[in-house]
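**Student:** need coordinates for the below:
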Amino acid sequence: MNNLSEFFVLIVIVSIQGGSSWALVVSTGDFNKDFSVNWSPSHVNTSPDGTERTLILDKNSGGGFVTNDMFLFGQFDMKIKLIPGNSAGTVVAFYLTSNQTNRDEVDFEFLGNVAGQPYILQTNVYANGFDEREQRIKLWFDPTKDFHTYSILWNIHQIVFMVDWVPIRTYRNHADKGVPYPTWQPMALQTSIWNGEDWATNGGKDKIDWTNSPFTASFKDHKIDACIWKGDDPGLCSAESPTNWWNNDRFGSLTWAQRRLYRWVRKYYLVYDYCRDYPRFNNNLPRECSLTKY
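**Tutor:** Here you go, the predicted structure:
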């Protein structure tokens, strides 16, 4: 990027191109209707109109909720505001998971930090039970001051992780080249807050300061445009059609504007990429690391 104004112009372009006004919206916008609390109801609070929800972490428990439906491909958006102050050791998660033994999973994990240090956003992909595909970035804003939109686009071509419509990571479907890719296991959308002090901050050296508890993360304005899994032929969800807009060729790769933003994030905010961790893989990186990213 040459200057900040160009950056914001590109964000507008990406936002417009990422829109899907013709899509079938399967979410109601009401947490009480679209989700069920699956962990510690006493640590999950919902606004009277159902449009905003908070998760609480204290010494007793964390909390979480999950969609009532399972999905096979689509786009999943959530506005999240993270824990302010000293959040070291805490983890807030927003992810898709099949909950099977050889599970597929697509993760956003927000790793807390000591006061004054930036949040770390970790992403990961499980495909048929295989993971070890972590990437980490620093965010270009304070995610505790306001809500920001975090999105997962999952289609037959690629998975795209987005922050305020900026693509921060892609994982392409290279199944034809022997790379595992989530294509057949339906997944639910889940969120949670939990104690990850044994690993989340500074390799587990910075523990949770419970004098700052309870820790609270807030969620609102969720939007799910996806193929609801009803045990039917998976081909119904993988077809290209006006209803399954996410599978159309238009969303088969990043646009030129998205590619510039993607490279901007990688250049200035990437702090860890498994595809650069040669010692971890004994100089034998996973196959997708040498293949195209978009």
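**Student:** please determine how far L236 is located from L72.
**Tutor:** Separation of L236 from L72 (Cβ to Cβ, to the nearest Å): 9 Å. Any C-beta I mention is one placed from the backbone N, CA and C, and that applies to glycine too.
**Student:** could you do Y126 as well?
**Tutor:** Y126 sits 16 Å away from L72 when distances are taken as Cβ to Cβ.
**Student:** over to I224?
**Tutor:** 13 Å.
**Student:** compare these two (neighbour count), which wins?
**Tutor:** Remark: of I224 and L72, L72 carries more neighbours, 24 against 20, as counted by other Cβ atoms under 10 Å.
**Student:** who are the packing partners of the one helix or strand the more buried one maps to?
**Tutor:** Here L72, judged by DSSP states H and E, is contained in strand 71-81. In this structure, strand 71-81 makes packing contacts with strand 90-97, strand 148-154, strand 188-195, strand 215-228, helix 235-238, judged by 3 or more Cβ pairs under 8 Å, 6 or more residues apart in numbering; DSSP states H and E.
**Student:** could I get those as a markdown table with distance to N68 and mean pLDDT?
**Tutor:** Written out in a markdown table, the entries for the helices and strands packed on strand 71-81 read as follows (distance: least, Cβ to Cβ, whole Å; pLDDT from 0 to 100):
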| stretch | distance to N68 | mean pLDDT |
| --- | --- | --- |
| strand 90-97 | 14 | 98 |
| strand 148-154 | 18 | 98 |
| strand 188-195 | 8 | 98 |
| strand 215-228 | 10 | 97 |
| helix 235-238 | 17 | 89 |
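**Student:** all helices of the protein, in order?
**Tutor:** Secondary structure of the chain, counting by DSSP state H: helices at 4-18, 31-34, 235-238, 256-268.
**Student:** buried residues, the second one. List them.
**Tutor:** With burial defined by 16 or more other Cβ atoms under 10 Å, the residues of helix 31-34 counted as buried are F31, D34.
**Student:** mind listing what the residue nearest to the spatial centre of the chain touches?
**Tutor:** When the chain is reduced to its mean C-alpha position, the closest residue under Cα atoms, centre = their mean turns out to be F108, at 3.5 Å. Residues counted as contacts of F108 (Cβ atoms under 8 Å, 6 or more residues apart in numbering) are A93, F94, Y95, L121, Q122, T123, Y150, I152, F161.
**Student:** the last one reaches R169, doesn't it?
**Tutor:** To tie it back to what came earlier, the one meant is F161. Yes. Counting by Cβ atoms under 8 Å, F161 sits close enough to R169 to count as a contact (4.3 Å).
**Student:** list residues touching both of those two?
**Tutor:** Overlap of the contact sets of F161 and R169 (by Cβ under 8 Å, 6+ apart) consists of T123.
**Student:** which of the helices of the chain comes out lowest on mean pLDDT?
**Tutor:** Set side by side, the helices of the chain show their lowest mean pLDDT on helix 4-18, which sits at a mean of 45.
**Student:** can you list the weak-confidence ranges in this protein?
**Tutor:** Applying pLDDT under 70 to the predicted model, the residue ranges of the chain that meet it are 1-25.
**Student:** give the residue farthest from the middle of it.
**Tutor:** The outermost residue of the chain relative to its centre, with distances by Cα atoms, centre = their mean, is T211 at 29.3 Å.
**Student:** if we can go back for a sec, list residues touching both of L236 and L72?
**Tutor:** With contacts taken as Cβ under 8 Å, 6+ apart, L236 and L72 have C227 as neighbours in common.
**Student:** show me what contacts F130?
**Tutor:** F130 makes contact with P180 under the criterion Cβ under 8 Å, 6+ apart.
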